[in-house]
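Chemist: no sequence for this one, just the structure:
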């Protein structure tokens, strides 16, 4: 579904707006008349303002939006500071008379729109394009959020009042500081706040009368029947009376790359939507896993894991490691190793770096045909620190893949493996090896010397 740039604006409206803005700049304010200046006004300033007003059609009487237009005029279009407040008012008047749309007067709303996009990992240039706000204004807004975050991190549970007492933060102004403080507090402590903002932005882009929970329900339904339902089947489940709405919704979500159709025309979640919906699904899936594990139904637990979209599975893997007994967690997680995808296998190896029970699985990983799995297995074994892996790791110092040799050297260093000193010294002095491999070998030798020197001092103590 196309972006809502012309929502409620007809071609006639846009033509009138362009003409009126031109009249304000060139007639009411007596703008420059040189050919170069006129070209800049007609080809850059006017189209930019028209697009900005279209993107923010419900903010034309909003005080913060007026300040943003002032910022544009001063910093983006080099108008004198003394005139930007009145000039902004005069430029906004034509838009306010042409468009007939309910206005949002909340001074925090423009910032909310910026941070909904930002939390969804949009780049600042993309946010500038989508909102019409100046890039340097967005830069400053994000910088100020980071300063609030740093202050609250350094002053445990700092209150808004404490933030206001800080001279630098106080300069943001009460409204903006209050907004940034509340936003940072919610991101840090409110469950699913980030996901809700992302879904709110999806609904905004769709331009449809939806609540976040409506969208969550639809995405959960697609996830529960991933790759099984086509559009007609989904409409049938949700009720034929809502067919047109659901059909438009599916079309919109596909255009936003939030859901997709497989080769058979069945609906599946996209990577983006699966990541977002995972937080809503984890409590239910976690309870199902806990129930299966409690009765030692490991086959059932494996089935729950294997039945998930890959993005959701990765989140569920993390949940399993933190919420289930380590031995039982390893039993069910190791049962899906090599059963889903290379990405999941590599992620499991990373997780197993904190699970000593995974030692044998990781040792087998050292002989895998996939060099990235070999490298990650080396890294994980180094973290576990079981010296029974030393001989196998020494052998991998002769692996044909540079990345594997680097990780093998690093692991041996972390273990303080004295038995590897001779082979590491050979690698460190072999100019046929890459610079990175030689440097990792030298660093491993320094680590081995340091670890064993520290052990010797402890041993000598009376």
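Modeler: Yep, that arrived. Just so we're clear, the structure is a prediction, and the values are computed from it rather than from any experiment.
Chemist: and residue 268, that's in a helix?
Modeler: No - applying DSSP: H, G, I helix; E, B strand; the rest coil, one finds residue 268 to be strand, outside a helix.
Chemist: pretty sure it contacts residue 254?
Modeler: No - if you go by C-beta atoms under 8 Å, residue 268 and residue 254 don't touch, sitting 10.7 Å apart. (Glycine included, C-beta is placed from N, CA and C.)
Chemist: anything in contact with each of the two?
Modeler: 260, 261 (C-beta atoms under 8 Å, 6 or more residues apart in numbering).
Chemist: let me know the pLDDT of the spatially most central residue of the chain.
Modeler: In the chain, the centroid-proximal residue (C-alpha atoms, centre = their mean) is residue 121; its distance is 4.7 Å. pLDDT for residue 121: 91.
Chemist: same question for residue 453.
Modeler: So residue 453 comes in at 84 (pLDDT).
Chemist: got it, and residue 313?
Modeler: For residue 313, pLDDT reads 95.
Chemist: and the gap between it and residue 325?
Modeler: 20 Å (C-beta to C-beta, to the nearest Å).
Chemist: of those two, who's got more company?
Modeler: residue 313 (23 against 9; other C-beta atoms under 10 Å).
Chemist: can you confirm that one is in a helix?
Modeler: Yes - assessed with three-state DSSP, residue 313 lies in a helix.
Chemist: re the thing from before, just checking, the residue nearest to the centre of the chain is part of a strand?
Modeler: No - when classified by three-state DSSP, residue 121 is found to be coil rather than part of a strand.
Chemist: got the phi and psi for it?
Modeler: phi 70, psi 30 (degrees, to the nearest 10).
Chemist: and the one 10 residues further on, by the same measure?
Modeler: With angles defined as degrees, to the nearest 10, residue 131 sits at phi -100, psi -30.
Chemist: ok, the closest residue in space to it that isn't next to it in sequence - how many residues close by?
Modeler: Closest residue to residue 131 apart from its sequence neighbours, by C-beta to C-beta, 6 or more residues apart in numbering: residue 55 at 5.7 Å. Close neighbours of residue 55, defined as other C-beta under 10 Å, add up to 19.
Chemist: can you give me the strands for the stretch 51-200 of the chain?
Modeler: Counting by DSSP state E, counting those that start in this stretch, the stretch 51-200 of the chain forms no strands at all.
Chemist: let me see the ranges of the strands in the stretch 251-400 of the chain.
Modeler: Using DSSP E, counting those that start in this stretch, the strands of the stretch 251-400 of the chain run over 259-261, 267-269.
Chemist: need the contact list for residue 231.
Modeler: Contacts of residue 231 (C-beta under 8 Å, 6+ apart): 246, 247, 250, 265, 267.
Chemist: where does the stretch 351-462 of the chain dip in pLDDT?
Modeler: By pLDDT under 70, the weakly predicted segments of the stretch 351-462 of the chain are 458-462.
Chemist: rerun at 50
Modeler: Scanning the stretch 351-462 of the chain for pLDDT under 50 picks out nothing.
Chemist: what's the neighbour count on the nearest residue to residue 374 once chain neighbours are set aside?
Modeler: Once flanking residues are discounted, residue 374 sits nearest to residue 404: 4.7 Å by C-beta to C-beta, 6+ apart. A total of 23 residues lie near residue 404 under the criterion other C-beta under 10 Å.
Chemist: same for the host helix or strand of residue 413, what does it pack against?
Modeler: Take DSSP states H and E as the rule and residue 413 turns out to sit in helix 402-415. Counting contacts by 3 or more C-beta pairs under 8 Å, 6 or more residues apart in numbering; DSSP states H and E, helix 402-415 packs against helix 371-384, helix 390-395, helix 421-428, helix 435-460.
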